[in-house]
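Chemist: give me a model of this one.
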Amino acid sequence: MEAIRPPSLSLRSSADAAPSTLASSLAAKLRGAITRGEIAPGTKLHLEDLRATFGVSLSPLREALSRLSAEGFVVTEDQRGYRVAPISEANLREVMRLRCQFESFALRESIANGTIDWEGQVVAALYRLNKLDSSAEQRPRVEAWENEHRIFHATLIGACQMPLLLHFCATLHDLSDRYRRLFLEHHAIDRSVADEHEQIAEATIRRDADRAVELLAQHVERTGQNVLSCLPKT
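Modeler: Below you'll find the predicted structure:
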């Protein structure tokens, strides 16, 4: 496996930093690096290298890695070592199924509970995403697109009034991102995605929960099938 490459942004601890806060920050940094593909699937995570990179002690680092292990981004080895979770067809299919179930439920609840202000936030998130989709560049910058794409999906379900459900959905979205990034390394952003986003948002604003949920599930499944077709065959 290739050696770990430090994430682009380092994290330096302060003397008065709360351990839990520091572990949360470390987990967020590592999660982002894994999601973006900066640390490749299957890479061995050496604690001493990570400790030196981030300038932290082993205690918050181990806590961060334990959190990422519980979320599915990292796997433990022999109760001591850590490795970035590998990718597989089975894992992607599981993530797709869970996203369809959890996000569909969250969207239905958001439609039931969302205010007019929430509707405006959905429209604004779609507008920002469409600005990148219609960019004069042949291929919009992946990071900018991924950021706005994440915000759009999070806004759709953000009015569900269920923080725990939103946490699960965010984790699943990150796990799904790992695979989509692999797809985008060799493919342009699918132009039909913009139409799908438009249709989901339109049904959501109309408060047509059945149609919005159906479109969202189709969107997640179609994107997943595209990525599946590009996974290495084992």
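
Chemist: list the contacts of the host helix or strand of L22.
Modeler: L22 belongs to helix 19-35 when assigned by DSSP states H and E. Residues outside helix 19-35 that contact it (Cβ atoms under 8 Å, 6 or more residues apart in numbering): 7-9, 11, 13, 39, 50, 54, 56, 59-61, 63-65, 67-68, 71, 73-74, 84-85, 174, 177-178, 181. Bear in mind the C-beta positions are built from the backbone N, C-alpha and C, glycine included.

Chemist: ok now that helix, how far from the chain's centre?
Modeler: When distances are taken as Cα atoms, centre = their mean, to the nearest Å, helix 19-35 is centred 14 Å away from the chain's centroid.

Chemist: same question, stretch 199-206
Modeler: 22 Å.

Chemist: which residues sit against it?
Modeler: Contact with stretch 199-206 is made by 107, 110-111, 119, 122-123, 126, 152, 156, 211-212, 215-216, 219, as judged by Cβ under 8 Å, 6+ apart.

Chemist: avg pLDDT for it?
Modeler: The average pLDDT within stretch 199-206 is 98.

Chemist: check stretch 94-114 too.
Modeler: 97.

Chemist: what comes up buried for that stretch?
Modeler: Across stretch 94-114, burial judged by 16 or more other Cβ atoms under 10 Å covers 95-96, 98-100, 102-111, 114.

Chemist: now tell me what touches that stretch from outside.
Modeler: So stretch 94-114 is in contact with 118, 153, 156-162, 165-166, 168-169, 172-173, 175-176, 179, 204, 207, 209, 212-213, 216-217, 220-221, 224, going by Cβ under 8 Å, 6+ apart.

Chemist: which ones among the contacts of stretch 199-206 map onto helices?
Modeler: When helices are assigned by DSSP state H, the members of these inside them are 107, 110-111, 119, 122-123, 126, 152, 156, 211-212, 215-216, 219.

Chemist: strands of this structure, residue ranges please.
Modeler: 44-45, 74-77, 81-84 (DSSP state E).

Chemist: which one of those strands lies nearest to N91?
Modeler: strand 74-77 (11.0 Å; Cβ to Cβ).

Chemist: distance from the chain centre to the closest one, please.
Modeler: Centroid separation for strand 74-77 versus its chain: 19 Å, with Cα atoms, centre = their mean.

Chemist: same check, this time on stretch 116-123
Modeler: Put simply, stretch 116-123 sits 22 Å off its chain's centre (Cα atoms, centre = their mean).

Chemist: check stretch 150-166 too.
Modeler: That offset, for stretch 150-166, works out to 13 Å (Cα atoms, centre = their mean).

Chemist: and the residue nearest in space to the middle of the chain, what does it touch?
Modeler: A centroid search over the chain (Cα atoms, centre = their mean) returns D174, at 1.9 Å, as the residue closest to the centre. With contact taken as Cβ under 8 Å, 6+ apart, D174 is in contact with 31, 35, 71, 73.

Chemist: narrow these to those that are buried.
Modeler: Of those, these count as buried by 16+ other Cβ under 10 Å: 31, 35, 71, 73.

Chemist: where is pLDDT lowest across those residues?
Modeler: The member of these with the lowest pLDDT is T35, at 88.

Chemist: now that one: how far from H197?
Modeler: From T35 over to H197 the distance is 20 Å, taken as Cβ to Cβ, to the nearest Å.

Chemist: kindly report the same for A23.
Modeler: Taken as Cβ to Cβ, the span from A23 to H197 is 35 Å.

Chemist: pLDDT weak spots in the protein?
Modeler: For the chain, the stretches with pLDDT under 70 are 1-20, 79-80, 133-140, 183-191, 232-234.

Chemist: any idea how far the nearest residue to E119 once chain neighbours are set aside lies from S110?
Modeler: Counting by Cβ to Cβ, 6 or more residues apart in numbering, E119 lies nearest to I205, which is 5.4 Å off, once chain neighbours are set aside. As defined by Cβ to Cβ, I205 lies at a distance of 11 Å from S110.
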